[in-house]
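Visitor: quick one, structure for this:
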Amino acid sequence: MRVSSGVDGLDEILNGGYVKGRAYLIRGEPGCGKTTLGLHFLIDGVGRDEDSN
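Guide: Reported below is the predicted structural model:
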């Protein structure tokens, strides 16, 4: 099962989103958008009324 990243283009690259239950490391230089990506993921989950399970 896949979980949306909250970013349509990224979900397309990931073939539908992150694989549920797996850990992912997002890395990059300062200012490249890591925090913004995390916030999109969280906001999308809240909008879908998801819990932490």
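Visitor: dump the lengthiest helix in the chain to CSV, restricted to CA.
Guide: What stands out as the longest helix in the chain, according to DSSP state H, is helix 34-47. The C-alpha atoms that make up helix 34-47 are tabulated as CSV, following Å, rounded to 0.1, in the frame of the first residue of the first chain:
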residue,chain,number,x,y,z
LYS,A,34,13.2,19.3,3.1
THR,A,35,11.1,21.0,5.7
THR,A,36,8.5,22.2,3.1
LEU,A,37,8.2,18.6,1.9
GLY,A,38,7.6,17.4,5.4
LEU,A,39,5.0,20.0,6.0
HIS,A,40,3.1,19.1,2.8
PHE,A,41,3.1,15.5,3.9
LEU,A,42,1.7,16.3,7.4
ILE,A,43,-0.9,18.8,6.1
ASP,A,44,-2.1,16.3,3.5
GLY,A,45,-2.5,13.6,6.2
VAL,A,46,-4.5,16.0,8.4
GLY,A,47,-6.7,16.9,5.4
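Visitor: what's the mean pLDDT across it?
Guide: Averaged over helix 34-47, pLDDT sits at 90.
Visitor: in that helix, what's buried?
Guide: Leu37, His40, Phe41, Asp44 (16 or more other CB atoms under 10 Å). Using the backbone N, CA and C atoms, a C-beta is placed for each residue, glycine as well.
Visitor: now find how far off-centre that helix is within its chain.
Guide: 6 Å (CA atoms, centre = their mean, to the nearest Å).
Visitor: give me the most central residue, the chain.
Guide: In the chain, the residue lying closest to the centroid (CA atoms, centre = their mean) is Ser5, at 2.7 Å.
Visitor: next up, the contacts around it.
Guide: Asp11, Leu14, Gly17, Tyr18, Leu37, His40, Phe41, Asp44 (CB atoms under 8 Å, 6 or more residues apart in numbering).
Visitor: what's the nearest residue to the last one if we skip its chain neighbours?
Guide: Nearest residue to Asp44, sequence neighbours excluded (CB to CB, 6 or more residues apart in numbering): Gly6, at 3.1 Å.
Visitor: quick one, phi psi at that neighbour?
Guide: phi 90, psi 0 (degrees, to the nearest 10).
Visitor: perfect, I'm done here.
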